[in-house]
Structure formats: structure tokens, C-alpha cells
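**Student:** need the 3D shape of this:
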Amino acid sequence: MMQLQAHRGPDDTGFAVIDRAANNISMDEEINSSNEVSDKQDLFFGFNRLSILDVSNNGHQPMHNKEAGVVFMLNGEIYNAFDYRSELRQKGFIFKSETDTEIALNLYLEYGLEGMLSRLNGMFAIAIYDSRSQKTILIRDRFGVKPLYFLNTEDQFAFSSEIKSFKALPGFEFELDKTHFNEFLFFRNIINRTLYKNIVNLEPGSYLVVNHKNQLLTVRYFDIAEMKADSINPTGNVSGLESEVKNAVERQMVSDVKLGCQLSGGVDSSLVSFFASEHLTKGQLETISIIPQAKGFSEEEYIDVVFNKLRLKAHKYPLDANYYFHNLEKASWHFEHPVNHPNTIGIYLLSQQAKKHVTVLLSGEGADEIFGGYSRFESYHTLLDRLKMLASRAKKDKGNILDLIPYFVNQDAQMICASSFTSIVAIQSIYPDFDFWQGMNWRMKKMNSITGSRLARQRKYEMITYLPDLLMRQDKMSMAHSIENRVPFLDNHLAEYALSLKDEDLMGASNKPIGKYLLKKLTANKFSDDFAFRRKKGFGIPLKHFFKSNYFHERWKDQWRNDIRNTGIFDIKPLDRWIKNLDKCNVSQIDSLWLALSTQIWYNLYLQK
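**Tutor:** Below you'll find the predicted structure:
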């Protein structure tokens, strides 16, 4: 299992083998060289370490407190850990390392599980075995920055940071679970659930307890839906926001290895780069950027604005169709699901190149969700805005008007569909059994559980449903190249501050809403109005242009077309028609073509018998 995800931690490996009935714990230094274990040893911990803090062997994991009989593993980073070091020392704890993991372990020993969790500000997946209660505990951070998958069958329970590790389990085979396939096709993700039978990603803000009888209990210790919001703050101001962002970036720069920034030229990554550069000697911050090789998709001019102003060590790398399709299968192997966001391969390339320069990257992920940055957040501001949006959806899905009548009159359904990727017509073309309302069912229930104003509810909904998928993309593509990716905008304090802002701080006070208004005002102060208030482009990929490449057409003809036809999930006829007439294809058809291709490539890697 550890070999299959060795890329996540190439610096060190560690093991613990446990006989739960006898409460006997053997650490790696005690395990004999033949790796033989008895039938009574029924719990195994394994850790691949990417050394960030205290790169010496003192930071070796799993960590073991012999006196308490507790084994502890932590993947990720606790940014406020060292705030508690002196306090714990005063209580008698002796530290062997300079790591956040050892501090978190001692917080657990001193304050218990809930006490530890209430103090942690960071991104993490944690595994604990506590011999005192004979319980195994798995924990995932508040917002789902780090993955923590578990497999539960009649024969075994297993957990891992990556699904591919389960391939090593004796007698186990991946099986397709189409329970949530309609939802996946429309939204491209099924948050925290998977397309595999018996495998789920532990929900953010939750922990799972496995007792000595192998009974499972899931507990939510933090719920985004219950975060305070709706204008509880006095009117936000730029100086207050600046302090919050600056402090969040500063907290996340703790590292004993080289740290840089992922720079797209957008507002979010540019602000992170600005504040990160303030904590280093001028000209020492290194940034990594990807430049799509297609007209209208590059934001290189804005990357250069940041580069020149901050005197960065900027590294820019081109992304073309050959690299894109040549590495699609590698990215799919690491992503472990269909590569739903086309720009995933761009992040794969970015991380691959970043490894030449740094080990830790700061990114701007999360800002759009907590500050309302997507154009869909600007909808519903007036009745006219809502009518325009409804007309747009009706145009996309002509022929399905009767199916969509409930959607037209339900504002929650409209907000949910705002983050979908394609039209019902395009999906039904390639998957005739598509059921729109079955795909909406879980999300409608989730939206109904969220309270607050329209804008607060929509932001929370997207933090629960859309954001974790983006975070998995960042984690999988960066860790594929042994890069740790951090997200300062999801710092506990900054996220809470953002959700407490008034609507006019988020969208401006004028009749024409501007997403991330206050954040853009801060960006304008650091760069310029033109830089901050330009039309949002995002990290776009010229899919239609790439689909026209010789490389794609050769792979389609030689392999991919036959694979799709033989597997039989999707109808090959509309796909053939679209590929022959790419110039006439609309955005939804291009998106559906991409989804069918990426799903088939994933199927080949994980499900093909």
C-alpha cells in the first residue's frame, strides 16, 4: 500500500503493527526484517513522509507515546502548532522534535480528541490508535484540504490518503458504483463519495472511530453549514481584510524547506504572492506559472505585472496539446477518478516543474468560495438577473422544458445548478438514461440544511460541494510530484472573517454586483484598479483547440474511440459526430466530450478487468 503512494512521502517511511486484543504495539524499529506478523496483529499503520518541519529523523512517523500507548500519524500541516509548545512544556511534556505532529500528539494526550481539534488551525488527515480505549480514530480537517479515504467491507477495514493503495489488499478489486452517476455527470463530482463500491472520503470536519469490535461511529466536529454568517461583522474595510489575509499567509509560511507560490496572475494568487514576498528578502520569492498555448487563454501579462512589481524569481512553463494528452493518463492515475476539471493537467505540469525549485507551494484556492468570486454569485441580485439566468438555462436545455419546470420556480435548485458544467441535452446525448432529479436529490437535501441569507447559503453550499473537489485536484496533482500545496484563504480565522462580511462588502453597494469586491479593493491597493477589477478569466484550458491536435486524433483513432465503444457506458455516435464537427460544437458538447474521454481513461486504469 505504501509503495503505491510513495510519491506522497519519498523522504522516510515508518510502520506500526498492533495486536489490539493484547494492546501490544510494535514500531518499525522493533519489527523483524522478514516483516512477518502473527494472526493476532490486526492493525497496521504506515507512513510515507515528505519532510517539511524538522527534516531530521526526529520527525519520523508514526509517532508513539509508550507511556500512554498512543500511536499518531499526521499528514498535512498545523500552522498554529508552535503557539502551544511552551504551554505543553509547562505541563511537563518533553519534546524530541521540532514538528507540528509531536505538538498535536501532545495536545491529544493533554486535552483529549475534541480539545485537540478545537485548537488546530491547519490542513490535516490524522490517524490515531489509543490503546487506553482500544479505538482507532481517523480525522479530516475542517474544509477537506487533505484526503482520507476508507474502505469498509465484511472482511476488512482500510484507510489511506490515496485510493490506489487499496489495490494492494489481498483479494480486493475495484468495482464501479453507479449509485451517484447521474450527479457525477451533471456536476462532475460526488463530494466525499466515490465511484467505487465501499470506498468513501471521510467528510471534512469529521472523525471516524473504530472500536475493538470493529463498529464504526462518525462524528462531525465542525460543520460549514453552521458557521456564523449574515453580516455579524461591522462593515468590512480594506485594512481589516488586509490584516486577516496577511496573517493567514504568514502563518502558512512555516517551513524548513524551500517555499514558493503558485501564480496564475489572478487576484487570489497575486495577493498570496504579495504577502508571501513581504516575509522574504526582496527578490527571493519563487513563483511557478503555467501558460496555455492558445490565444485568449493566457494571463501572462498579469503574471508579469506581479513579477515586475515584486521582483520575483518567476518560472513560467508552456502547456500545449501534446503535453496535455500525453500526460492525461498519468494525471488520471494520480487523481483516481475521471479528471473532471480540464485544467487538472495544467496543475500536474505546474507541480512537476515546481519540484525543480521548491517543496512547498502556496495557492489562492478557496478565495472564490468564501468571498463569492464566481460570476454565479452575482446572479439573483435583481429579478432581471434571475430571468436572464433562467433564459440561459432554457436555451441550453431546450426540449427538456417540462422536466425543468420545478427548477425554474425553485431558487435553491437554481443555485445548485449554477455550478453544473454542461447541459442536460448534451449529457442525454451520450448517456440516454440520465435522470436530472435523481442527480439533484442529495444536493437539494444539503442545501435545505443550510440557513442564512441567499448569498451566505450559496457560499456555504459551494464550500461544502464544489470546493473539496478543487482541493482534491490540488492535493493529488501536487503530491504526485512530492509537493505540499497550502491554501491560506482557508485558514480558520480568515474563512470565518470572510463569512461574517456583509453582502455589500462582498458584492459592492452598486446595482451591478462585483464578486469579491472587498478583496479586489485590497488587490487594487497593491497593484491597480485595472489589475483587480478586470473580467475574471480563471485557469482556462483551450479544449476545442487541443481536440483539433494531431496527437488527440491519433489516440482517438488508435485507442480511445474503441475503448469507449467496447466499455459501453457512453454512446459513441454523438462523440464521433462532435469530433468530426468540432468548430460547430457548443461549450456543453465540448465539456461532455471531455467527460466521456476522461471517464474512459479512468475506467481503463482502475476498473478494466
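
**Student:** poorly predicted segments of the stretch 201-350 of the chain, please.
**Tutor:** Low-confidence segments of the stretch 201-350 of the chain, defined by pLDDT under 70: 229-236.

**Student:** any chance you could map the helices in it?
**Tutor:** With helices called from DSSP state H, counting those that start in this stretch, the stretch 201-350 of the chain shows them at 238-251, 267-278, 300-310, 321-326, 328-335, 344-354.

**Student:** wait, which of those is closest to Asn550?
**Tutor:** helix 321-326 (8.4 Å; Cβ to Cβ). Placement of C-beta: from N, CA and C, glycine included.

**Student:** can you redo the helices of the stretch 201-350 of the chain as TSV with mean neighbour count and distance to Gln559?
**Tutor:** As requested, the helices of the stretch 201-350 of the chain are exported to TSV (neighbours: other Cβ atoms under 10 Å; distance: least, Cβ to Cβ, whole Å):
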stretch	mean neighbour count	distance to Gln559
helix 238-251	18	45
helix 267-278	24	36
helix 300-310	18	34
helix 321-326	19	11
helix 328-335	20	10
helix 344-354	23	18
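
**Student:** so which of those helices comes closest to Asp576?
**Tutor:** Among the helices of the stretch 201-350 of the chain, if distance is taken as Cβ to Cβ, the winner is helix 321-326, at 18.0 Å.

**Student:** for the closest one, which outside residues touch it?
**Tutor:** Applying Cβ atoms under 8 Å, 6 or more residues apart in numbering, the contact partners of helix 321-326 are Gln293, Ile345, Leu349, Ile541, His545, Phe546, Lys548, Ser549, Tyr551, Phe552, Arg555.

**Student:** give me the nearest residue to the last one, chain neighbours excluded.
**Tutor:** Once flanking residues are discounted, Arg555 sits nearest to Phe325: 6.1 Å by Cβ to Cβ, 6 or more residues apart in numbering.

**Student:** ok, the first one next?
**Tutor:** What sits nearest to Gln293 in space, not counting adjacent residues and going by Cβ to Cβ, 6+ apart, is Asp320, at 4.5 Å.

**Student:** from the contacts of helix 321-326, which two are the most distant?
**Tutor:** Leu349 and Lys548, at 20.0 Å, using Cβ to Cβ across the contacts of helix 321-326.

**Student:** in stretch 110-121, which residues are buried?
**Tutor:** Glu110, Leu113, Met116, Leu117, Arg119, Leu120, Asn121 (16 or more other Cβ atoms under 10 Å).

**Student:** in contact with the fourth one, which residues?
**Tutor:** It stands for Leu117. Leu117 makes contact with Ile139, Tyr207, Tyr221, Phe222, according to Cβ under 8 Å, 6+ apart.

**Student:** which of those residues are buried?
**Tutor:** Of the contacts of Leu117, these count as buried by 16+ other Cβ under 10 Å: Ile139, Tyr207, Phe222.

**Student:** which SS class is the nearest residue to the second one once chain neighbours are set aside?
**Tutor:** With Cβ to Cβ, 6+ apart as the measure, Ile139 is the residue that lies nearest to Tyr207, at 4.2 Å, once sequence neighbours are left out. When states are read from DSSP: H, G, I helix; E, B strand; the rest coil, the local structure at Ile139 comes out as strand.

**Student:** Ile139 touches Ile126, doesn't it?
**Tutor:** Yes - using Cβ atoms under 8 Å, Ile139 makes contact with Ile126 at a distance of 4.2 Å.

**Student:** so where's the protein uncertain?
**Tutor:** 32-37, 229-236, 379-409, 538-539.

**Student:** what about the residue nearest the centre of it, helix or strand, and which?
**Tutor:** By Cα atoms, centre = their mean, the chain has its centre lying nearest to Leu471, at 1.1 Å. Using DSSP states H and E, Leu471 falls within helix 467-479.

**Student:** same for that helix, what does it pack against?
**Tutor:** helix 328-335, helix 344-354, strand 484-486 (3 or more Cβ pairs under 8 Å, 6 or more residues apart in numbering; DSSP states H and E).

**Student:** quick one: which of the contacts of Leu117 sit in strands?
**Tutor:** Among those, the members found in strands (DSSP state E) are Ile139, Tyr207.

**Student:** all helices of the stretch 351-500 of the chain, in order?
**Tutor:** Using DSSP H, counting those that start in this stretch, helices in the stretch 351-500 of the chain cover 367-371, 383-396, 401-409, 411-417, 424-430, 436-448, 454-465, 467-479, 492-499.

**Student:** out of those, nearest to Arg20?
**Tutor:** Closest among these, using Cβ to Cβ: helix 467-479, at 29.9 Å.

**Student:** gap between the host helix or strand of Tyr108 and the chain center?
**Tutor:** Using DSSP H and E, Tyr108 sits in helix 100-119. Remark: helix 100-119 is offset 24 Å from the chain centroid, using Cα atoms, centre = their mean, to the nearest Å.

**Student:** convert it to CSV, retaining C-alpha atoms only.
**Tutor:** Output in CSV follows, covering the C-alpha atoms of helix 100-119 (Å, rounded to 0.1, in the frame of the first residue of the first chain):
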residue,chain,number,x,y,z
ASP,A,100,3.8,20.1,14.5
THR,A,101,3.0,16.4,14.6
GLU,A,102,4.5,15.9,18.1
ILE,A,103,2.7,19.0,19.3
ALA,A,104,-0.6,17.7,18.0
LEU,A,105,0.0,14.3,19.7
ASN,A,106,0.7,16.0,23.0
LEU,A,107,-2.4,18.2,22.6
TYR,A,108,-4.4,15.0,22.2
LEU,A,109,-2.8,13.5,25.3
GLU,A,110,-3.4,16.6,27.4
TYR,A,111,-6.8,17.8,26.2
GLY,A,112,-8.4,14.7,24.5
LEU,A,113,-9.7,14.4,21.0
GLU,A,114,-12.2,17.3,21.0
GLY,A,115,-9.8,19.5,22.9
MET,A,116,-7.1,18.9,20.4
LEU,A,117,-9.4,19.5,17.4
SER,A,118,-10.7,22.8,18.8
ARG,A,119,-7.1,24.1,18.9
